[in-house]
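Participant: Sequence isn't available, so here's the structure alone:
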C-alpha cells in the first residue's frame, strides 16, 4: 500500500518526471528542460538539456540567459540579446545609449530608468550618477546641488561655490557676507566685511564693532579709530580728549588746547596758567604775560617791577625802576642814593643833585661850597665862594687876602683895599699915597 502511494505522489507531483522511483518518490530522470529531485525546476539551456542534479547547462544557455544554471537574464540592452554565460557580458556589445560589460550603464550625460533622463548641463564633464542624476565630478563653476541645478550666488568670489550646500569657497565679493554671500554688509562698512558680517573698516565718521557708532563731530577730518572712536587726526580747535568730546576753556584759550591734558595751547591776551584761568598783571606792558608763570614778557609799566610787575617802585623814583631789583632809574628832583632814599642838600642850586652821590650838579647857592654844598663859605666872603675850594669869590668891604682873612688898614680909599695887597687902589679926593695916608692941602 505504501509503495502505491509513493508512486502516485511521484506521478502526480510533477508532469516533468520521466521515470519515478517507487521507493523514494523521486524522479530518476526529467524531461528535457527540467531538473531537480522532482524535476520541478526549469533550465534555460541550449537544446533544453541540463544536468538533473544541479541544472548545469552542459551545452550553454539559451540566447538571453546566463549563469551556472542559466537562471539569470541577459540585459535587454545587449545587442542581439546574447551574453556570456559565466558573467552576463554582452558578447555583441550594447544597444545605442548603453555601455558597460553588461550594458546596464547609461552613456555619459544620461541617467534614470532606461537612461531616459538627461544629466544636468551644469555637471562637470557632462556625466552623472545613473540612479539619481547626481553629478559625480562636481558642478561647473557657478552651480551647486546634487544635480547642479541651483545657481551659486553672484556675490561669490570667482563665481564658484561648494556643490553640497552652495557655500562660497573663495569668499564673498566686497559688500557681502554669509555662507552663500547672500547678505549685504552694513552700509557703514568700508572695504566690505568678514564672513560673519563684521566690518573690515568703517566709512569716515563711523566706528564700533559694526560701525554702528558715530565719530565725534569734533574729530579733525571726521575720522576716528574703528575699535574705540579715538580721533586719529586730533581734535578740532577748542576740544580735547581721546574722542574729542571735552571742550577747552573757550574764553581764555586761543588756538585750542593739549589733546591729552586739556591745557591751553596759548592763552588769550591778558591770561596765563595751565588753563589760562589767571589774569596777567595790569602793570604788564601791552597787557601780555608768559603763559606758564605770568611773567610780563614786554616788561613793566613805569612805576612797577618784579617778574609779574606787581611791586611798585619807590615813590622817590623818576622814570620807573629796574625790572629785576626795583632800583630807581632816576630820582625825582631833590633825592639821591640807592633807591633815592637820601635828600639832596637844600643848598644845591635848583634843589637837584647827582643820583649816585648827592653831588650838586648845578652848583651851590651863594654862601656854600663842597660837592654837596654842605659847607658854608667864610663870613668875610662876598658873593659866595669857590664850589670846590671854598675860596671867596670876593671880600666884604674892609677885608682882603686869599680868603679875606685880613682887615684893610686904609681908611681913605674910595673902594675896598686891594684883594691881594691890602693897599688902596683909588684914594678919595685930596688923599694920596700907598695907603692914602697923605692929604694934599
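Facilitator: Noted; the coordinates are in hand. Treat the numbers as computed from the prediction; the structure is a model and nothing was measured.

Participant: residue nearest the centroid of this structure?
Facilitator: residue 232 (3.2 Å; C-alpha atoms, centre = their mean).

Participant: If you rank every helix and strand of the protein by mean pLDDT, what lands last?
Facilitator: helix 2-13 (a mean of 48; mean pLDDT, DSSP states H and E).

Participant: So which bits of the very next helix or strand once past that one are buried?
Facilitator: The element immediately downstream of helix 2-13 (helix or strand, assigned by DSSP states H and E) is strand 17-20. Buried residues in strand 17-20, defined by neighbour count with 16 or more other C-beta atoms under 10 Å: 17, 20. No exception for glycine: its C-beta is placed from N, CA and C like everyone else's.

Participant: Point out where the stretch 201-350 of the chain drops to low pLDDT.
Facilitator: 250 (pLDDT under 70).

Participant: So which residues of it form strands?
Facilitator: Ranges of strands in the stretch 201-350 of the chain, per DSSP state E, counting those that start in this stretch, are 206-207, 213-214, 239-240, 246-247, 253-257, 264-267, 271-272, 278-279, 304-305, 311-312, 317-321, 328-331, 335-336, 342-343.

Participant: Nearest to residue 226 among these would be which one?
Facilitator: strand 206-207 (5.0 Å; C-beta to C-beta).

Participant: For residue 240, give its distance to residue 205.
Facilitator: As judged by C-beta to C-beta, to the nearest Å, residue 240 and residue 205 stand 20 Å apart.

Participant: which one of the two has more residues nearby?
Facilitator: Applying other C-beta atoms under 10 Å to residue 240 and residue 205 shows that residue 240 carries more neighbours, namely 26 against 17.

Participant: Name the nearest residue to the more buried one, ignoring sequence neighbours.
Facilitator: Among residues not flanking residue 240 along the chain, residue 262 sits closest, at 4.7 Å (C-beta to C-beta, 6 or more residues apart in numbering).

Participant: what sits against the one you found?
Facilitator: Listed by C-beta atoms under 8 Å, 6 or more residues apart in numbering, the contact set of residue 262 reads 240-241, 246, 248, 275.

Participant: Just give me the closest of these to residue 383.
Facilitator: Using C-beta to C-beta, residue 275 comes nearest to residue 383 of those, at 73.0 Å.

Participant: quick one on the thing from earlier: where's the residue nearest to residue 240 relative to residue 237, distance?
Facilitator: For residue 262, the distance to residue 237 (C-beta to C-beta) stands at 13 Å.

Participant: same deal with residue 98?
Facilitator: 86 Å.

Participant: ok, the two, which is more surrounded?
Facilitator: residue 98 (22 against 15).

Participant: Surely that one touches residue 76?
Facilitator: No: between residue 98 and residue 76 there is no contact under C-beta atoms under 8 Å: 9.2 Å.

Participant: hang on, residue 114 in a helix?
Facilitator: Yes: using DSSP: H, G, I helix; E, B strand; the rest coil, the secondary structure at residue 114 is a helix.

Participant: so what's it up against?
Facilitator: Here residue 114 is in contact with no residue (C-beta under 8 Å, 6+ apart).

Participant: do the same with the one 10 residues further on
Facilitator: If you count contacts by C-beta under 8 Å, 6+ apart, residue 124 has them with 135, 137-140.

Participant: Return a ChimeraX selection command for the buried portion of those.
Facilitator: Remark: buried members of those, expressed as a ChimeraX selection using 16+ other C-beta under 10 Å:
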select :135,138,139,140
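
Participant: can you redo the contacts of residue 124 as JSON lines with secondary structure?
Facilitator: Shown next, in JSON lines, are the contacts of residue 124 (three-state DSSP):
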{"residue": "135", "secondary structure": "coil"}
{"residue": "137", "secondary structure": "coil"}
{"residue": "138", "secondary structure": "coil"}
{"residue": "139", "secondary structure": "strand"}
{"residue": "140", "secondary structure": "coil"}
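
Participant: For the contacts of residue 124, which two are the farthest from each other?
Facilitator: Largest separation among the contacts of residue 124 by C-beta to C-beta: 137 and 140, giving 9.9 Å.

Participant: shared neighbours of those two, anything?
Facilitator: 123-124.

Participant: For the nearest residue to residue 61 once chain neighbours are set aside, report the pLDDT, please.
Facilitator: Spatial nearest neighbour of residue 61, excluding adjacent residues (C-beta to C-beta, 6+ apart): residue 70 at 3.5 Å. Predicted confidence (pLDDT) for residue 70: 84.

Participant: Quick check: residue 70 is in a strand.
Facilitator: No: applying three-state DSSP, one finds residue 70 to be coil, outside a strand.

Participant: For it, grab the count of nearby residues.
Facilitator: Residue 70, neighbours per other C-beta under 10 Å, totals 23.

Participant: same check, this time on residue 245
Facilitator: By other C-beta under 10 Å, 15 other residues sit near residue 245.

Participant: So it sits against residue 239, correct?
Facilitator: Yes: Residue 245 is in contact with residue 239 according to C-beta under 8 Å; the separation is 7.2 Å.

Participant: list residues touching both of those two?
Facilitator: What both residue 245 and residue 239 touch, as defined by C-beta under 8 Å, 6+ apart, is the set 216, 218.

Participant: what's around the residue lying closest to residue 402 once chain neighbours are set aside, how many residues?
Facilitator: Excluding its sequence neighbours, the residue lying closest to residue 402 (C-beta to C-beta, 6+ apart) is residue 391, at 6.4 Å. A total of 14 residues lie near residue 391 under the criterion other C-beta under 10 Å.

Participant: Next up, phi/psi of residue 90, please.
Facilitator: Backbone torsions for residue 90, taken as degrees, to the nearest 10, come to phi -70, psi 110.

Participant: Please name the nearest non-neighbouring residue to it.
Facilitator: residue 78 (3.6 Å).

Participant: give the contact list for residue 437.
Facilitator: Residue 437 touches 410, 412, 431, counting by C-beta under 8 Å, 6+ apart.

Participant: And residue 318, by the same measure?
Facilitator: Taking C-beta under 8 Å, 6+ apart as the test, what residue 318 contacts is 328-333, 340.

Participant: before we move on, what about residue 388?
Facilitator: residue 369.

Participant: That one: which element?
Facilitator: Per DSSP H and E, residue 388 falls between elements, in no helix or strand.

Participant: picking up where we left off before, mind giving me a markdown table with the strands of the stretch 201-350 of the chain and columns for distance to residue 382?
Facilitator: Listed next are those as a markdown table, based on distance: least, C-beta to C-beta, whole Å:
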| stretch | distance to residue 382 |
| --- | --- |
| strand 206-207 | 104 |
| strand 213-214 | 103 |
| strand 239-240 | 86 |
| strand 246-247 | 86 |
| strand 253-257 | 74 |
| strand 264-267 | 71 |
| strand 271-272 | 67 |
| strand 278-279 | 66 |
| strand 304-305 | 49 |
| strand 311-312 | 48 |
| strand 317-321 | 37 |
| strand 328-331 | 34 |
| strand 335-336 | 30 |
| strand 342-343 | 29 |
